[in-house]
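Peer 1: Coordinates for the following, if possible.
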Amino acid sequence: MEFRFSTITGCSTTTMNISEEEDQGLYQENIVFSTFYILVFIFAVPGNALALWAFFRQESTSSSKEQL
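Peer 2: Below you'll find the model as predicted:
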C-alpha cells in the first residue's frame, strides 16, 4: 500500500484576529462557568449521597419504596 502526500502551493493561511480585550473576556467567562460547575458538583454529590442514604434507610413498607 502506498501513501502519497501532496501539498497545495500558493495557499495562504488565515488567522483569527481576536483582540486582547475579547480574549480576556473569554478567559473570565471560562473561569465563571468552571467555578459554577465545580460548585454544582461539590453540592450535588453529597446531596445525592444523602438522598440515597435516606432512601435505603426507610422501612421496606414505605409507599415511596413500593412505587420504585
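Peer 1: Just give me the longest helix of this protein.
Peer 2: helix 20-57 (DSSP state H).
Peer 1: Do me a favour and average the pLDDT over that one.
Peer 2: Average pLDDT, helix 20-57: 89.
Peer 1: which strands and helices sit next to it?
Peer 2: Packed against helix 20-57, as judged by 3 or more Cβ pairs under 8 Å, 6 or more residues apart in numbering; DSSP states H and E, are no other helices or strands. Quick note: C-beta positions are derived from backbone N, CA and C, even for glycine.
Peer 1: For R57, see how far away L50 is.
Peer 2: 10 Å (Cβ to Cβ, to the nearest Å).
Peer 1: Have a look at those two and say which one is more surrounded.
Peer 2: L50 (10 against 7; other Cβ atoms under 10 Å).
Peer 1: so what's that one up against?
Peer 2: Applying Cβ atoms under 8 Å, 6 or more residues apart in numbering, we find L50 in contact with no residue.
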